[in-house]
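Novice: Show me the folded form of this:
(one chain, ligands or ions: 1)
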Amino acid sequence: MTQQACRTTCPYCGVGCGVLATLGPAGVAIAGDPDHPANYGRLCSKGSALGETVDLAGRLLTPQIGGKEATWDDAVALTARKFAEVIARHGPDSVAFYVSGQLLTEDYYIANKLMKGFIGSANIDTNSRLCMASSVAGHNRAFGADTVPGTYEDLEQADLIVLVGSNLAWCHPVLYQRIVAAKAARPSMRVVNIDPRRTATSDLADVHLGIAPGADVALFNRLLAEIERQGAIDAAYVEGHVTGLAPAIRAARGDDICQTGLDPALIQRFCDLWIQTEKVVTVYSQGVNQSSSGSDKVNAIINCHLATGRIGRPGMGPFSVTGQPNAMGGREVGGLANMLAAHLELGNQTHRDAVRTFWNAPAMPQAAGLKAVDLFRACAEGQIKALWIMSTNPAVSMPAANAVRDAIAGCPFVAVSDILPDTDTARLGDVLFPATAWGEKSGTVTNSDRTISRQRAFLPVPGAAKPDWQIICDVAKAMGWGEAFGFISPAEIFREHAALSGIAGAMGRDFDIGAFAGMTDADYNALAPARWPVAANRQGGRFFAEGGYFTTDRRARMVAVTTQALAAPLTPERPLRLNTGRIRDQWHTMTRTGRAPRLNQHLAEPFVEIHPDDAISAGIAAAELVRVETGYGQMVARALVTERTQPGSVFIPIHWTSAFASDGRVDALIAPVTDPVSGQPELKGAAASISRYDPAWYGFAVGAKRPVVCALSGIGYWALAPSQTGWRLELAGDSVPASWEQAAKLLFGAGDHARTVCAVDPGAGHASVVVCERDRTLGVLYADRQPVAVARSHVIAKFATLSPNDLLAGRPSMYQPDPGALVCACMGVGAKTIVHAIAAQGLTSVEAIGEATTAGTSCGSCRPELHALLAAHPVKLAAE
Ligand code: SF4
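Specialist: Numbering: from 1, shown residues only. Here you go, the predicted structure:
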């Protein structure tokens, strides 16, 4: 029987879309919540596929100690005892928590309370450090608090949107869709995209500034200098509400614009457009933050808005969009090592006293704890002797990931809370706690525009899993702090969190949801999305239109900044700038999106974007394999030769782990260099070299079950992904198997009775083998000396129905059209289908493609690619 839809929130990016999840006989149906103010019914490809990620296959459902199932009592007691022993012997700073923007606010609040108020250390940091710590630092320096001034509505009300270091189309797709819709309704709206790469987002932009990596400060300094030169400073606003104008302008004038690598005329055009357009929003994300000078970049942007008073009014302001679903909630509870709860300051005695009194805390740290990179460095150096990692995978996602993996492995005691037992990090845990997953847990998250939304459970808790807040409370109780951690529900935690924020609000801080402190459980369950502050005297809205900053004199600070070089210099041995980032259909380390077949067809293996000039220099052809090396590590990925990447730069996505690929962990290549203010690592500026990886053979396989890659010897590269009909596998070998038939049987786990149908040409180096057992096809393997040229979408789609002989061909017959590489994940439409429809039906718009093929008619995440296909395949009119 179909149940009523549950109103909940997407667990992926910081847009924070409302989701309607309906449990029915066929699984979980997902739709966008039409009433949620973040998305008004829209979802992207990842959100739309949430229903495919909630099955229990591979889940961690019981606690484990040393790799063996254990009781909750034993796992909790061991963890409490280990932490207590280490603290007693070495002090509170010898233990640490590494938590996550995936945690709900209630989980985060409890973790922070335990570490900062009861253990007495500030050694709790979060993977949000990798995502937006530079924005936090920039906000604090400029505003005196970590305040996002604007709202999502500003993106629709602006006349100019400047997107800096932000591939919104892929990383915050629903915000991108909102801008697309606003621009369509009001074509006079302008969009500028500042990014070293041409991305899917650039296709929306009126102007793309392909800036040199790391040069954002130089560009915004030039803008500030031009604001002053053109007399565009808002003198009344600055006089009333801002300090630091003169030194900031002096620094801006002294900066060297040549570092941007941009045409001076293009820079002038950008400055003129910005200055002449009052309603301007400057949106920035990881391209700004993930830098050794990320805080300065943030302040260079904010300086321009402060100087012009374009902040806190409709359609105006600097706007940091966060990567994770609850990065903002983590900031609100003080989940970073240098923050206290409720946006209070760790270094402020009055603030510390207020929190200590409220918590009745026995021990409070006096100073900031270890930020993420330093935390794992301290692990490696033996200073951290007990570590608890919650809901994150630092063995993949931290810079110098191999060293981090070794540091975790070498830590005397490691507890891991997760939903899977076999992530690269969970494999290293002494104790594993089974946490509840999205769909099973209940609490709140805060999105990028300060809107607090409920995540609600609509699935039963499986096995012995528990919510994170409960696991932490259990350990805290076992450590002797039962009274402070006797919570019985997330609602009770939220009330305490709200009450503490009310105290902070009364002390003049920005984050205040004190009006929620008295809410009942029923109110909490029914809580509608609400943008903070939610206090007796203030509800939602924007900050700073009338000043009112959170500094001691209530004035904003302009910060004098100048461009800093990227930390890693290019050298003849490492001549390329390595940029990293996200792709459209994957999330973080693929622990959830890696389970959804349709999300694994768009880009199914690790790849490296290389400019054609660099590919030629390195002797690399499209689709060949490439070895990428830095001083920290090396990986192998597929060459994607494209002019979207600048000459001298390469781009690699962050998602692949050792669960999905042989050598896909790009963060193992990144130096652990951080911004000195924010502690955020420079994840987008490594110095790298590329070389052709020359295997003896390339392969592509489709199997009904997960292929057993380790059964084959001499495999130098592999990348696995689930497909609609089983599994797909890209692979390459360093030596040719003696028997392709035998290799294929091993790969597909075939029994003695299996038979093969094959076409092998040893001279040409081709082999195609279909393995069948009884009347079932177990798998098909294609091998070649070159990258295998089979119609992958066709083979995957028809795998279960084609005869072995038709499968051997690896491409459709003349009567079966090849759909081509997947473009629209929701509707399953491939590039060749779309290109054929454009030509055959004379299509000239994305909407027309949608009507003809259904592509782009669901979540819309593929619309930039539809635009690109239209541009690449223009319809020839009869008169032309
Ligand atoms: Fe989820 Fe996509 Fe919305 Fe982000 S934009 S919250 S990933 S549905």
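Novice: give me the residue from the stretch 601-750 of the chain nearest the ligand.
Specialist: At 13.6 Å from the ligand, His655 is the closest residue in the stretch 601-750 of the chain, using C-beta to the nearest ligand atom. For glycine as for every other residue, the C-beta is placed from the backbone atoms N, C-alpha and C.
Novice: Low-confidence stretches in the stretch 701-850 of the chain?
Specialist: For the stretch 701-850 of the chain, the stretches with pLDDT under 70 are 813-817.
Novice: Strands of that one, start to end?
Specialist: With strands called from DSSP state E, counting those that start in this stretch, the stretch 701-850 of the chain shows them at 715-723, 726-733, 755-761, 766-773, 776-784, 822-824, 829-830.
Novice: Starting from the fifth one, tell me which strands it pairs with and how they run.
Specialist: Think strand 776-784. Strand 776-784 has its sheet partners listed here by DSSP bridges as strand 697-703 (antiparallel), strand 766-773 (antiparallel).
Novice: In contact with the closest residue to the ligand within the stretch 551-700 of the chain, which residues?
Specialist: Closest contact between the stretch 551-700 of the chain and the ligand, by C-beta to the nearest ligand atom, is at Trp587 (7.1 Å). Contact analysis of Trp587 by C-beta atoms under 8 Å, 6 or more residues apart in numbering lists Tyr12, Cys13, Lys46, Thr593, His655.
Novice: How about the secondary structure of it?
Specialist: Put simply, Trp587 is coil when judged by DSSP: H, G, I helix; E, B strand; the rest coil.
Novice: Would you mind listing what in the chain touches the ligand?
Specialist: By the rule C-beta under 6 Å from any ligand atom, the part of the chain lying against the ligand is 10, 12-13, 15-17, 39, 43-44, 46-47, 172-174.
Novice: Put together CSV for those, with secondary structure and neighbour count on each row.
Specialist: CSV is the format used below for those (DSSP: H, G, I helix; E, B strand; the rest coil; neighbours: other C-beta atoms under 10 Å):
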residue, secondary structure, neighbour count
Cys10, coil, 30
Tyr12, coil, 25
Cys13, coil, 27
Val15, coil, 30
Gly16, coil, 31
Cys17, coil, 26
Asn39, coil, 27
Leu43, coil, 28
Cys44, coil, 32
Lys46, helix, 26
Gly47, helix, 25
His172, coil, 27
Pro173, helix, 32
Val174, helix, 26
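Novice: Can you tell me, leaving aside adjacent residues, what's nearest to Val757?
Specialist: Pro804 (4.0 Å; C-beta to C-beta, 6 or more residues apart in numbering).
Novice: Number of residues surrounding the one you found?
Specialist: 17 (other C-beta atoms under 10 Å).
Novice: Confirm for me that it is in contact with Cys772.
Specialist: Yes: with contact defined as C-beta atoms under 8 Å, Pro804 counts as touching Cys772 (6.1 Å).
Novice: what do the two both touch?
Specialist: When contacts are counted by C-beta under 8 Å, 6+ apart, Pro804 and Cys772 have Val757 as shared neighbours.
Novice: Can you classify Ala169 by secondary structure?
Specialist: helix.
Novice: and it, what does it touch?
Specialist: Tyr176, Thr199, Ala200, Thr201, Asp203, Leu204, Arg584, Ser861, Pro864.
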